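Q: Kindly generate the corresponding structure for this input.
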Amino acid sequence: MAKSFEFGAFMEKFILQPSSPQQLPLSGLTFAVKDIFDADGYVTGFGNPDWKRTHSAAISTAPAVLDVLRGGATCVGKTVMDEMAYSINGENIHYGTPTNPCAPERVPGGSSSGSAVAVGARLVDFSLGTDTGGSVRVPASYCGILGFRPSHDAVSTSGVIPMAQSLDTVGWFARDPVVLNQVGRVLMHLPNVDPVRPSQIIIPEDCFLLSSIPSDRTTQVLVKSVKKLFGGQILKHVTLGDYVKEKVPSLQHFMSKGNEDHVYNIPSLAAVSSAMQLLLRYEFKNNHAEWVKTVNPNLGPGPSERIWDAIRTPEENIDICHSVQTELRAALTALLEDKGILALPTVPGDPPKLQTNPATVEVFRVIAFSLLSIAGVSGFCQVSIPLGMHNNLPVSVSLLAKHGSDAFLLNLVETLYDTIKEEAGIAETMSN
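A: Numbers count the residues shown, from 1 in each chain. Alright, predicted model coming up:
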């Protein structure tokens, strides 16, 4: 299997034809899939050569892949991913790091690195990835493209190697909001419905203060776009950390672990992240400890540390993690009410440079997960939307909608996109 040198995005190239020659919603579109999805006759590699060596070829294709093939799209291959999906960086010591088409000296983001790069580099029209802790949203942000994490359980994860079932989702990337929407409708078996005006768009000021990107390149672009399309009366400002602290009492169990000491963090959201990381480690251990202990695979420095940490996780406080999930979903559902949207920074700043010492990006990681865990733990749907470039690096903003509101959110992206692109272009010109 010769590895393609197209931005280092692909593990292997092959063609899976659409199941029907007739005109379908995704006819004429090409896509790639992360090497975590089963494709009949191919070994699913999970980002690690030892995994590939110790597993046999899949005997069926993941339903999510079959859905987009039935929707008329053509699959052109499998993409590189971080080892065992346990990183948001996008670097892989075995297969090489896919080149970020927006910023070649920066990481592409992971763990769905190759899938994001394939779309960002225009090698395919869309791609499939997975998002447990942020593995679609982060690379979408770093590569300057659209990335959608659906509501938990909205898309089948059958035939996809699990990481942590309480958090795992199948997500997708696109450059075009119309394609993003069409792919979502096919994957979630949704009818075409007319766009619905959002009832409110909530801007959590405390969360945007965590971002190192100036507000005129993030929140202001969104605010101006919303005012232009819907009027300023639907904008609402909140302090999300205080709201979550009050409404999610089970977080008390995670609040006392030094979260209050850091000026750069929001204690309640850091606690949500701690609950998510514990649940992720516990479920990862249940899924993969036996294989890791038996094979003792060769793992790169970042993933190795996290994987072995997970394997050693004690089985305590897991019930509290589930309580946090239930309480956070209820709290955010009440906050957003019907057809409300929560805006967030996708990530707290610029993509880190390639081969950065992990210790120097640890603060960035901690803040990133306090933002990413909001959708992760609540099971809400989230989309990362590109906002052009700032200092020659991609910037983005995220919109979240309540669980089950995927069609509403996909339509809203399509409605907002051109105006956001125009406002981002103006902001970019003014800051240069």
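Q: From here on, just use CA atoms for contacts and neighbour counts.
A: OK.
Q: low-confidence ranges in this structure?
A: Low-confidence segments of the chain, defined by pLDDT under 70: 1-5, 256-263.
Q: now with 80?
A: Applying pLDDT under 80 to the chain picks out residues 1-5, 20, 256-264, 432.
Q: Name the residues of the biggest helix by length in it that are buried.
A: Counting by DSSP state H, the longest helix found in the chain is helix 267-295. Neighbour counts using 16 or more other Cα atoms under 10 Å place 267-285, 287-289, 292 of helix 267-295 among the buried residues.
Q: quick one: contacts for Leu344?
A: Listed by Cα atoms under 8 Å, 6 or more residues apart in numbering, the contact set of Leu344 reads Ile203, Pro204, Cys207, Phe208, Leu371, Val397, Ser398, Leu399, Leu400.
Q: Next, it: phi, psi?
A: Main-chain torsions, Leu344, degrees, to the nearest 10: phi -150, psi 150.
Q: quick one: it from Ser370, how far?
A: Per Cα to Cα, to the nearest Å, Leu344 is found 11 Å from Ser370.
Q: With Ser212 instead?
A: Distance of Ser212 to Ser370, given as Cα to Cα: 15 Å.
Q: who has more neighbours, those two?
A: Counting neighbours by other Cα atoms under 10 Å for Ser212 and for Ser370 shows that Ser370 has the greater number, 24 against 12.
Q: any idea which helix or strand carries Asn89?
A: Remark: Asn89 resides in no helix or strand, with elements defined by DSSP states H and E.
Q: That one touches Ser112, doesn't it?
A: No: here Asn89 does not reach Ser112: they are 9.4 Å apart, not a contact under Cα atoms under 8 Å.
Q: which one of these two has more residues nearby?
A: More crowded of Asn89 and Ser112, by other Cα under 10 Å: Ser112, with 39 against 30.
Q: So that one is in contact with Glu91, correct?
A: No: using Cα under 8 Å, Ser112 is not in contact with Glu91, being 10.4 Å away.
Q: Contact partners for the residue nearest to Asp242 when sequence neighbours are not counted?
A: Spatial nearest neighbour of Asp242, excluding adjacent residues (Cα to Cα, 6 or more residues apart in numbering): Ser268 at 7.4 Å. Applying Cα under 8 Å, 6+ apart to Ser268 gives the contacts Gly241, Asp242, Val244, Lys245, Leu251, Met255.
Q: got CSV for those residues, with distance to Ile145 too?
A: Shown next, in CSV, are the contacts of Ser268 (distance: Cα to Cα, whole Å):
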residue, distance to Ile145
Gly241, 28
Asp242, 32
Val244, 30
Lys245, 33
Leu251, 33
Met255, 34
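Q: Please flag which of those sit within helices.
A: Of these, the ones assigned to helices by DSSP H are Gly241, Asp242, Val244, Lys245, Met255.
Q: So for stretch 330-338, what gets flagged as buried?
A: For stretch 330-338, a neighbour-count test (16+ other Cα under 10 Å) marks Ala331, Leu332, Thr333, Leu335, Leu336 as buried.
Q: Out of those residues, which is nearest to Leu66?
A: Leu66 lies nearest to Thr333 out of these, by Cα to Cα, at 32.2 Å.
Q: Looks like the closest one contacts Lys402 (just checking).
A: Yes: between Thr333 and Lys402 there is a contact under Cα under 8 Å: 5.9 Å.
Q: Can you show me the helices along the stretch 101-250 of the chain?
A: Ranges of helices in the stretch 101-250 of the chain, per DSSP state H, counting those that start in this stretch, are 113-120, 137-142, 177-188, 205-209, 219-230, 240-247.
Q: Throw those helices into a markdown table and include distance to Arg365 and mean neighbour count, thanks.
A: As requested, the helices of the stretch 101-250 of the chain are exported to a markdown table (distance: least, Cα to Cα, whole Å; neighbours: other Cα atoms under 10 Å):
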| stretch | distance to Arg365 | mean neighbour count |
| --- | --- | --- |
| helix 113-120 | 17 | 35 |
| helix 137-142 | 11 | 33 |
| helix 177-188 | 27 | 21 |
| helix 205-209 | 15 | 19 |
| helix 219-230 | 21 | 18 |
| helix 240-247 | 18 | 17 |
